[in-house]
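*Asks:* build the 3D model from these lines:
(chains A and B)
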Amino acid sequence: MPFLQIDHASKSFPSHTGEGEVCIFNDVTIKIEQGEFVTVIGHSGCGKSTLLNIIAGLDTASEGGVILEGKEVVGPGLDRMVVFQNFSLMPWMTVFENIALAVRSAYPDWSQTQVADHVNKYIALVGLKGAETKRPTALSGGMKQRVGLARAFSIEPKVLLLDEPFAQIDALTRGVIQEELIQMWNASRNTVFMVTHDVDEAILLSDRILLMTNGPSARVGEIVEVSIPRPRSRESIIEHPHYYKIRNHVIHFLVRHAAHVGRGSGESGAGRSGETPVLVKFS
Amino acid sequence: MSAGTVVPEDPPVGKETGSARSALKPTKGRMMVGQAAESPWMITVFLAVVFLLAWHLVTLRGAFDGKGLTEEQLQMMEFNGDIVRSPDGTYLWNPEKEKVKGIPGPLAVMEKAREELSEAFVKKGTNDHGIGYLVLYTVSRFGVGFLAASAVAVVLGVFLGLNKVLFKAVNPFIQILKPISPLAWMPLLLYTVKDPKWTAILVVFMAALWPTLATTAFGVNSLRKDYLHVAAILQLSWPKRLFKVILPGAAPTIVNGLRISFGSALVAVVPAEMLLGELGVGYLSWIEWNNLDISGVIFAILVVGCVGVILDSGFNKLAGLVTYQE
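*Replies:* Below you'll find the predicted structure:
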């Protein structure tokens, strides 16, 4: 039994015309081991964020479900923390208060000083010392997401769900925060499920990359194993012989599927729904 | 006063434009424009002086000139009370009749103000209390009505805002009740509670209720889902969710509703006092009208304005504490 399993999950919405339903993704099964870093890449509309929300318990699958440590996920909980694309920090709280809100919920028995120590530890980890009393408005996008990461790591969740966490951050800052994320993850080794559009980001961070076909009725078309040893850094991975092989493979997949966008066929990509995804491994 | 928009404070931007402006200083004309723009209070003072001067000149009336009038005509005018004979035998306009003839000038109003303010806390009878007392009555009447309405409206509004179905179900009633002038309720309220004191407070209550209720429900209803998602993931308890997330998140919208309520309650309290004969600054204006003392009416109007400004600035201070920038 895997640590986290998305089990035959489907999601459909009522269609705009009111007749019938539109199936976003169909019969998706993903097995994730404890401590694994898994990334999902796919074109917009393939339902990857919906999938993430279903794992988080913020959305429900139309069919199938999510099993974490042998138990079905029925709603949101402290064992699965999300890092949101738009940061979702409370603008009326300071950096400290935003993280403390999470820490207090996760550790209700802790004293004020214990909470403060823990919060300050994570503020220091993301390099935001001195910004504790600032409100999110006063922070840049990169700093906001550092608070988001600190908040997520601070409650030490079993599963970290990253929903395009760096999409709204400028490219230069993005690289820096990606490496900070690697360091934090190296220390904590949470199981991570990330959704992204950025191929380089996926290769840098993940153990496996799931490639989704286009919606409607999207599915996991291929699973690419990132056969580049850790520790990785942005500088070193591009030297690795597998880097461009993986990158090209992923981009080919995405381009191939971009050609199908708009044709309205639910059978785009490698194989029909229900088929097991193709495993890709470079050696 | 009242339902205006919030003026955001942005000192850093102001500083930048200030330095940019100083670079434009070389020509004299531009400098003067720049200076005037930097000190709006100078324009304010200028406008006030112009207004007072114009008011004074328009309402100015020369001394009584009896030349060309027969003794009989003069006696007739004295009999009618238009003029009075001074101790040295000359005729003057009757100062009592002057008060109701035309609009009194700024000096007359200032004299009236001095007179009223000098005995601000004197009670001369059951219906003749000093202006200090009247302000106190109005403010407390307004305060009780407004606070009670705000409490009810915020609680109900949060409740409706959290329950979309209920909100949609109740919204038609709110929309019908909202535009009704609070004064329209007065006869019914007076008939029901049978006490003008409480009726006046209830009129303020009715005036302040609907805008806050509607805006609070809207604000809570349209709170960004992300905040609620975070609250759900963190498994916050309901009281925590309400006080740490929902209320602070909707606070800017709620405060806007309170601001509209505040204005409409302030507008309602004056006619309510007039119609109910409850002592207060609104009633003062009516009493002075009954006394045919137009200076007194103008003074009462000015007092209403001043009370409004003071209450409004206090409200703005409170509002500043709970609002945030996204």
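*Asks:* make it CA atoms for all contacts and neighbour counts henceforth
*Replies:* Fine.
*Asks:* where are the low-confidence patches of the chain?
*Replies:* In the absence of a named chain, this looks at chain A. A:259-275 (pLDDT under 70).
*Asks:* can you look at chain B instead?
*Replies:* In chain B, residues with pLDDT under 70: B:1-37, B:98-101.
*Asks:* most proximal residue of it with respect to chain A?
*Replies:* In chain B, the residue that lies nearest chain A is B:Ile233 (4.8 Å; Cα to the nearest Cα).
*Asks:* ok, A:Glu63 touching A:Ser10?
*Replies:* Yes - counting by Cα atoms under 8 Å, A:Ser10 is a contact partner of A:Glu63 at 5.0 Å.
*Asks:* which of those two has more neighbours?
*Replies:* Remark: of A:Glu63 and A:Ser10, A:Ser10 carries more neighbours, 24 against 14, as counted by other Cα atoms under 10 Å in any protein chain shown.
*Asks:* apart from its neighbours in sequence, what residue is nearest the more buried one?
*Replies:* A:Asn26 (4.4 Å; Cα to Cα, 6 or more residues apart in numbering or on different chains).
*Asks:* so is the one you found in a helix, a strand, or just coil?
*Replies:* strand (DSSP: H, G, I helix; E, B strand; the rest coil).
*Asks:* next one: it from A:Asn120, what distance?
*Replies:* Using Cα to Cα, to the nearest Å, A:Asn26 is found at 43 Å from A:Asn120.
*Asks:* who's more crowded, the two?
*Replies:* A:Asn26 (24 against 19).
*Asks:* now do the helix ranked longest in chain B: which elements does it pack against?
*Replies:* Using DSSP state H, we find that the single longest helix of chain B is helix B:131-162. Here helix B:131-162 touches helix B:106-118, helix B:164-177, helix B:196-221, helix B:247-276, helix B:281-290, going by 3 or more Cα pairs under 8 Å, 6 or more residues apart in numbering or on different chains; DSSP states H and E.
*Asks:* let's have those helices in a markdown table, adding distance to chain A.
*Replies:* Output for those, formatted as a markdown table (distance: least, Cα to the nearest Cα, whole Å):
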| stretch | distance to chain A |
| --- | --- |
| helix B:106-118 | 44 |
| helix B:164-177 | 18 |
| helix B:196-221 | 15 |
| helix B:247-276 | 7 |
| helix B:281-290 | 39 |
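*Asks:* among those helices, which is nearest A:Thr137?
*Replies:* Between A:Thr137 and those, the shortest separation by Cα to Cα is 14.2 Å, and it involves helix B:247-276.
*Asks:* and the closest one, how far out from the chain middle?
*Replies:* 11 Å (Cα atoms, centre = their mean, to the nearest Å).
*Asks:* picking up where we left off before, my guess is the residue of chain B closest to chain A contacts A:Val83. True?
*Replies:* No - applying Cα under 8 Å as the test, B:Ile233 and A:Val83 come out as separate, 11.1 Å apart.
*Asks:* quick one, which of the two is more surrounded?
*Replies:* A:Val83 (26 against 21).
*Asks:* list the residues that contact the residue lying closest to the more buried one once chain neighbours are set aside.
*Replies:* Nearest non-adjacent residue to A:Val83, counting by Cα to Cα, 6+ apart: A:Leu162, 4.8 Å away. Applying Cα atoms under 8 Å, 6 or more residues apart in numbering or on different chains to A:Leu162 gives the contacts A:Val82, A:Val83, A:Phe84, A:Gln85, A:Val192, A:Phe193, A:Met194, A:Val195.
*Asks:* wait, a strand at A:Leu162?
*Replies:* Yes - A:Leu162: assigned to a strand according to three-state DSSP.
*Asks:* in what helix or strand does A:Asn186 lie?
*Replies:* In this structure, A:Asn186 sits in helix A:171-188 according to DSSP states H and E.
*Asks:* how about residues contacting the helix or strand following that helix?
*Replies:* Using DSSP H and E, the helix or strand that follows helix A:171-188 towards the C-terminus is strand A:191-196. With Cα under 8 Å, 6+ apart as the test, strand A:191-196 has contacts from A:33-42, A:48-49, A:52, A:158-165, A:167, A:202.
*Asks:* restricted to strands, list the residues you listed.
*Replies:* Judged by DSSP state E, the subset of the contacts of strand A:191-196 located in strands is A:Phe37, A:Val38, A:Thr39, A:Val40, A:Ile41, A:Val159, A:Leu160, A:Leu161, A:Leu162, A:Asp163.
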